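Just the structure for this:
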Amino acid sequence: MVFARELVSPEQMTAVAQWLNNTFGSIDHAILQFYHNVHEACGKPLDIFVQYFTKLGDGGIFLIVLALILLLFRKTRKVGFGMLGGIIIGALITNVLVKNLVDRPRPYDTLQEYRTWFEGIWHATIESEFPSFPSGHTTAAMASMTPVFLFCNKKKSWTAFLFVIALGATRNYIMVHFPSDILGGIIVGLIAGCISYLIFNTIWKKFEPKNSLLIRADVTNIFKKKKSA
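Residues are numbered from 1 along each chain as shown. From the prediction side, this is the model:
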C-alpha cells in the first residue's frame, strides 16, 4: 500500500488540527478502537458491506441523483431543492473553507497504530487525500437530510438522520476519519441544511400561491397526456 505522505508529527500540523487532536484524541482513539474490535470480530463480510455502503457518500453523487429525482415531482420538489441547496452550501463550507484552514491529517497519517488498522480493512492504493476535518461524506449527508426532516412529516422524517449516522460510522470503521471529523461534518451539514431550508421555504411561500410552473410541473403529467391521446 502506498500512502500520500509519511506520518505527520504534531509540530507539522496547524494549530487547529493540534487542538482537535489534543481535545478529542482520547475519545477518538476509544471509538476507533471499538470499530477495530468490531472488524476483528466480524472480518471480511462486514468490511465488504461497509466499503460499498460508504461509497454512497462519494462526491455526494448518490444524494444529488436522489435530489434530482425528487425535483421531477410536484409533491417532492421543494425537498429536492432543499437537498441540492444543502449539498452545495455544505460542500462550499467544507471543501473550500474549513478543510483548507484546519488541514487535519487523516488518522492513518498521524499514528502507526491507525495506519495498521486501516491497512487491515482498506486494500487500496492511497495516492492523495483531502484533509480529514470535517468529514465531507457526513457533511453532504447531514446537509441533504436536514431539509428532508424539516420539509416532511417530522414523525417519520427524523429517520433520515439514521442514514447520516450510518454513513458516518462507515467512515470511522474504515479508519479514514476521526469520530470528531464526523461530529464536525454533522455540525456543518446541519448549518448548511438549515440555510438551504430557509432559502427554499421562503421561495416556496412566494411562488406557491401563484401556482407557477416551478410549483405545478410534474413529470407524471407527461404520461397522463400520452395516455389521454
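
Can you name the helix or strand that Thr23 falls in?
helix 15-42 (DSSP states H and E).

Just name whatever secondary elements the helix or strand following that helix is in contact with.
Toward the C-terminus, helix 15-42 is succeeded by helix 44-54 as the next helix or strand (DSSP H and E). On a contact count with 3 or more C-beta pairs under 8 Å, 6 or more residues apart in numbering; DSSP states H and E, helix 44-54 meets helix 15-42, helix 160-173. C-beta coordinates here come from the backbone N, C-alpha and C atoms, glycine included.

what sits against Gln51?
121-122, 174 (C-beta atoms under 8 Å, 6 or more residues apart in numbering).

any residues touching stretch 95-102, and which ones?
Contacts for stretch 95-102 (C-beta under 8 Å, 6+ apart): 14, 16-17, 20, 130-131, 133-134, 136, 184, 188.

Of these, which is the nearest to Met142?
Set against Met142, the nearest of those by C-beta to C-beta is Val188 (7.6 Å).

and the closest residue to that closest one other than its chain neighbours, how far is that from Ile69?
With C-beta to C-beta, 6 or more residues apart in numbering as the criterion, Val188 has its nearest non-adjacent residue at 4.9 Å, and that residue is Thr139. Using C-beta to C-beta, to the nearest Å, Thr139 is found at 21 Å from Ile69.

Next one: Arg216, what pLDDT does it get?
Looking at Arg216, its pLDDT stands at 67.

Just want to know which of Thr139 and Ile69 has more residues nearby.
Thr139 (36 against 12; other C-beta atoms under 10 Å).

so who does that one touch?
90-91, 93-94, 185-186, 188-189, 192.

Could you do Trp117 as well?
Trp117 neighbours (C-beta under 8 Å, 6+ apart): 32, 36, 39, 108, 175.

And His137, by the same measure?
54, 57-58, 167-168, 171, 185.

mind checking how far it is from Leu71?
Taken as C-beta to C-beta, the span from His137 to Leu71 is 22 Å.

Check Arg106 too.
Taking C-beta to C-beta, one finds Arg106 at 35 Å from Leu71.

now swap in Ile195 and tell me
From Ile195 to Leu71 the distance is 19 Å (C-beta to C-beta).

next one: Gly57
20 Å.

Between those two, which is the more surrounded one?
Neighbours of Gly57 and Leu71, each counted by other C-beta under 10 Å, are more numerous for Gly57; the result is 24 against 18.

Spatially, which residue comes closest to the more buried one, not counting chain neighbours?
For Gly57, the closest residue by C-beta to C-beta, 6+ apart turns out to be His137, at 3.3 Å.

Please tell me the pLDDT value assigned to the one you found.
So His137 comes in at 94 (pLDDT).

Please renumber the chain so that the first residue is 583 from this point on.
Understood, numbering begins at 583; the last thing we discussed is His719.

What strand or helix carries it?
When the helices and strands are read off by DSSP H and E, the one containing His719 is helix 718-733.

Identify, from the contacts of His719, the entry nearest to Val590.
Distances from Val590 to those, taken by C-beta to C-beta, are shortest for Arg753, at 19.2 Å.

just for this protein, where's the confidence low?
583-586, 705-710, 791-811 (pLDDT under 70).

Kindly recompute the last result at 50.
Scanning the chain for pLDDT under 50 picks out 709, 811.

Quick check: buried residues in the helix or strand in which Phe782 is found?
Element membership for Phe782, per DSSP H and E: helix 761-789. Under the neighbour-count criterion of 16 or more other C-beta atoms under 10 Å, helix 761-789 has 761-768, 770-779, 781-783, 786 buried.
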